[in-house]
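Peer 1: Sequence first, predicted model second:
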Amino acid sequence: MTSDIPEPAPELSGRISGGPGRLLHDEVLAPQFRFESRYLLRHYVAIEKTLAAEYVRMDLITPEEAHRIAARLDSVGPDTLSARPDANMSDIAFALERHVEAGLDRPVVRWHADRSRNDLQACAQVMYGRDQLARFATALLELGTVVHRLAEETCDLPMPGYTHFQAAQVITPGFYLSALSEHLLHTHDRLLRTYDGIDACPLGAGAMAGQELPWDRDRMARLLGFARPQPNALTAVASRRWSAELTAELSLLGTALSRFTTDLLTWGGSEYGFIELPDELSGISSAMPQKKNYPVLERIRGRTAHLTAFHFDVLLGQRNTPFCNLVEVSKEAGTHLLNAFDSAHGTVRLLTEVLRRLTFRADRMRAVCAREFLGGFSLANALTLTEGVPWRTAQVVAGKYVVLAAAAGAAPAPGEPALLAEAAAGHGITLAEPARLLAEAFDVDRGLERMVSAGSARPAAVRTALHDQREALARIGADWEGRAAAIRAGAEDNDRALYPADPTTHGEEDGDGARTHVQRTH
């Protein structure tokens, strides 16, 4: 990396006599500098430009000086600055300050007056977290779209549903996937609320108690794309609750995805064979040539565990610390925030590709539905509703019939009416139409169609739910775009303020938010 900071560098502080030692630089400051150069630098630049626009508004610097500062800031890239213990104390804020000063033809005396790194860093960090959240939401929207499409394609295919690891009732892949889709939509709603909750600008809080100049915190928040300023100055610099909230949401999502992935792992096993993945998403055994493995599903489920670990890392990093600006909280406790988002992003991308390429084996699923006595609940209902058998007795009769039929090797359909009559007779009940009861109760397709309540596995009900979910996906996509548009609009307004068409003017806003240009003389 290069830097045009002149040597020898001016002093940064009168409190200590030199820069950090080599060990501190190598182990702590240089890695932090590299991270911030790559991920936070553009946010630092945006903040500095906003502050320059505020200095102009307060008549502390001229529009022309702000223009020169902004131009110098816009020349910065990840390879422009370097961590220099002697020149900038291996601190990116000092490095950026020195970079700007070195490129000005004359000093701007009041630039950086009434400033603190505390709110600067807090602001850059929450902007970074906000961007990571929005980036992840894009990947999650793609997963939701793929899940929804697969659900639409499979809402007529009977498959066994399981409770307590036992085959229970007839459902469809579409019904199951509509539940996953519903969960993803709920996650999006939570992420949007989390985004809105952290969308408060720390800038203008100073070191902890506020600032001595009349900074327009509402304007600065808007120029940086925030919905509002953080009301309390201490909260602005001390709190990193937002990082815990973000990782909490990732952890909750990971826990849910681990459950859905567990079902995919089960369905992909040779005993079930309900799903199949293409060869490029499959693995082999080094010793058993007959096997086709799906380790990608194990990877997905394994990665979800990291999300909870990263959340606990953030929590433990903040626990038992005083409520003030601390490196321990602001930097060390957030060390793995990027890892958390990268892991979540990778997990979602892998699951998206799996569901995009996955096929359900209708023959295997229907065979299990036909083999198992999945109509037991329906038989008990029919005994009560059509034969007048008391409900609990009907449950006993239906269960007894299943035992007798299984012992006799009888298939669920068409069943053995004589065995059902025998089970009922044991309770003093004579059935009028045992054959019809069995034919209707254990018919696989009727097992879906008889479910008439809203939200059921009945294909028509699933299609209704999927229609609503499609509309919800579109709404959520628009909501995320609206938040991105606010950030873009703020950046554009900031640039208009710093780069006016006439360098002797600068942009201001009247009370209605309309931009006017005011002539300045200096």
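Peer 2: Happy to help now that I have it. If you're wondering where the values come from, they're calculated on a predicted model, not measured in any experiment. Numbers count the residues shown, from 1 in each chain.
Peer 1: Leaving out chain neighbours, which residue sits closest to residue 153?
Peer 2: Excluding the flanking residues, the one nearest residue 153 by Cβ to Cβ, 6 or more residues apart in numbering is residue 174, at 7.3 Å. C-beta coordinates here come from the backbone N, C-alpha and C atoms, glycine included.
Peer 1: quick one, domains of this protein?
Peer 2: Following automatic domain parsing, one finds the domains of the chain at 1-113, 119-361+459-482, 375-441.
Peer 1: In which helix or strand does the residue nearest to residue 153 reside?
Peer 2: In this structure, residue 174 sits in helix 173-198 according to DSSP states H and E.
Peer 1: For that helix, buried residues please.
Peer 2: Neighbour-count burial for helix 173-198 flags 173-185, 187-188, 191-192, 194-195, 198 (criterion: 16 or more other Cβ atoms under 10 Å).
Peer 1: ok now do the residue nearest to residue 153, which residues does it touch?
Peer 2: The neighbourhood of residue 174, defined by Cβ atoms under 8 Å, 6 or more residues apart in numbering, consists of 150, 151, 152, 153, 154, 155, 156, 157, 459, 462, 466.
Peer 1: May I see the buried residues of the strand or helix carrying residue 380?
Peer 2: Assigned by DSSP H and E, residue 380 belongs to helix 376-387. Residues of helix 376-387 classed as buried: 376, 378, 379, 380, 381, 382, 383, 384, 387 (neighbour count, 16+ other Cβ under 10 Å).
Peer 1: out of those, who's nearest residue 485?
Peer 2: Minimum separation from residue 485 among the buried residues of helix 376-387 (Cβ to Cβ) is found for residue 378, which lies at 52.0 Å.
Peer 1: Thought residue 450 was touching the closest one, still the case?
Peer 2: Yes. When contacts are counted by Cβ atoms under 8 Å, residue 378 is listed as touching residue 450 (6.4 Å).
Peer 1: rewinding a little: and the domains of the chain as TSV, adding distance to residue 492 and mean pLDDT?
Peer 2: Putting these into TSV (distance: least, Cβ to Cβ, whole Å; pLDDT from 0 to 100) gives the following:
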stretch	distance to residue 492	mean pLDDT
domain 1-113	12	88
domain 119-361+459-482	9	96
domain 375-441	61	96
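Peer 1: closest to residue 368 out of the ones you listed?
Peer 2: Residue 368 sits nearest to domain 119-361+459-482 of all these, at 4.9 Å, using Cβ to Cβ.
Peer 1: Looking at the buried residues of helix 376-387, which is nearest residue 310?
Peer 2: Using Cβ to Cβ, the buried residues of helix 376-387 come closest to residue 310 at residue 376, 44.3 Å.
Peer 1: quick one: buried residues of the longest helix out of those in the chain?
Peer 2: Scanning the chain for the helix with the most residues, using DSSP state H, yields helix 459-498. Neighbour-count burial for helix 459-498, counted by 16+ other Cβ under 10 Å, picks out 459, 461-463, 465-466, 469-470, 472-473, 476-477, 479-480, 483, 486-487, 490-491, 493-495, 497-498.
Peer 1: Name the residues of stretch 411-430 that come out as buried.
Peer 2: So stretch 411-430, judged by 16+ other Cβ under 10 Å, has buried residues 412, 413, 415, 416, 417, 419, 420, 421, 423, 424, 429.
Peer 1: if you look at the residues you listed, which of them are in helices?
Peer 2: Using DSSP H, these in helices are 417, 419, 420, 421, 423, 424.
Peer 1: before we move on, the earlier item: export the buried residues of stretch 411-430 to a markdown table and append columns for distance to residue 303.
Peer 2: Converted to a markdown table, the buried residues of stretch 411-430 look like this (distance: Cβ to Cβ, whole Å):
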| residue | distance to residue 303 |
| --- | --- |
| 412 | 40 |
| 413 | 42 |
| 415 | 46 |
| 416 | 49 |
| 417 | 52 |
| 419 | 50 |
| 420 | 50 |
| 421 | 55 |
| 423 | 50 |
| 424 | 53 |
| 429 | 55 |
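Peer 1: Would you point out the most distant pair within the residues you listed?
Peer 2: 413 and 429 (22.3 Å).
Peer 1: and residue 150, what is it in contact with?
Peer 2: Contacts of residue 150 (Cβ under 8 Å, 6+ apart): 173, 174, 177, 355, 356, 358.
Peer 1: Columns distance to residue 330 on top of those residues, output as JSON lines?
Peer 2: Below are the contacts of residue 150 laid out as JSON lines (distance: Cβ to Cβ, whole Å):
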{"residue": "173", "distance to residue 330": "46"}
{"residue": "174", "distance to residue 330": "47"}
{"residue": "177", "distance to residue 330": "41"}
{"residue": "355", "distance to residue 330": "38"}
{"residue": "356", "distance to residue 330": "40"}
{"residue": "358", "distance to residue 330": "43"}
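Peer 1: out of those residues, what pair is the most spread apart?
Peer 2: Within those, 174 and 356 form the most distant pair, 15.7 Å apart (Cβ to Cβ).
Peer 1: Using just helix, strand and coil, how would you label residue 162?
Peer 2: Classification of residue 162 using DSSP: H, G, I helix; E, B strand; the rest coil returns strand.
Peer 1: And for it, the neighbour number?
Peer 2: Residue 162: 14 surrounding residues under other Cβ atoms under 10 Å.
Peer 1: Just confirm it contacts residue 168, I think it does.
Peer 2: Yes. With contact defined as Cβ under 8 Å, residue 162 and residue 168 form a contacting pair (5.8 Å).
Peer 1: What are the boundaries of the helices in the stretch 301-450 of the chain?
Peer 2: Here the stretch 301-450 of the chain has its helices, by DSSP state H, counting those that start in this stretch, at 327, 337-357, 362-371, 376-387, 391-408, 417-425, 434-441, 444-449.
Peer 1: Dump the ones you listed into JSON lines; add distance to residue 296 as well.
Peer 2: Shown next, in JSON lines, are those (distance: least, Cβ to Cβ, whole Å):
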{"stretch": "helix 327", "distance to residue 296": "40"}
{"stretch": "helix 337-357", "distance to residue 296": "6"}
{"stretch": "helix 362-371", "distance to residue 296": "20"}
{"stretch": "helix 376-387", "distance to residue 296": "36"}
{"stretch": "helix 391-408", "distance to residue 296": "37"}
{"stretch": "helix 417-425", "distance to residue 296": "46"}
{"stretch": "helix 434-441", "distance to residue 296": "39"}
{"stretch": "helix 444-449", "distance to residue 296": "30"}
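Peer 1: tell me the pLDDT at residue 512?
Peer 2: What the model reports as pLDDT for residue 512 is 37.
Peer 1: And residue 504, by the same measure?
Peer 2: At residue 504, the model reports a pLDDT of 46.
Peer 1: thinking again about what came up before, which stretch among the helices of the stretch 301-450 of the chain comes nearest residue 223?
Peer 2: Per Cβ to Cβ, nearest to residue 223 of the helices of the stretch 301-450 of the chain: helix 337-357, 24.7 Å.
Peer 1: just to revisit the earlier point, and the contacts of residue 174, which is closest to residue 349?
Peer 2: Looking across the contacts of residue 174 and measuring by Cβ to Cβ, the closest to residue 349 is residue 150, at 16.2 Å.
Peer 1: From the opening residue of stretch 27-46 to its closing one, how far?
Peer 2: 28 Å (Cα to Cα, to the nearest Å).
Peer 1: Run through who's touching that stretch.
Peer 2: Outside stretch 27-46, the residues within contact range by Cβ under 8 Å, 6+ apart are 1, 20, 73-74, 76-78, 81-83, 85, 89-93, 95-96, 120, 123-125, 127-128, 224, 331, 338, 491, 494.
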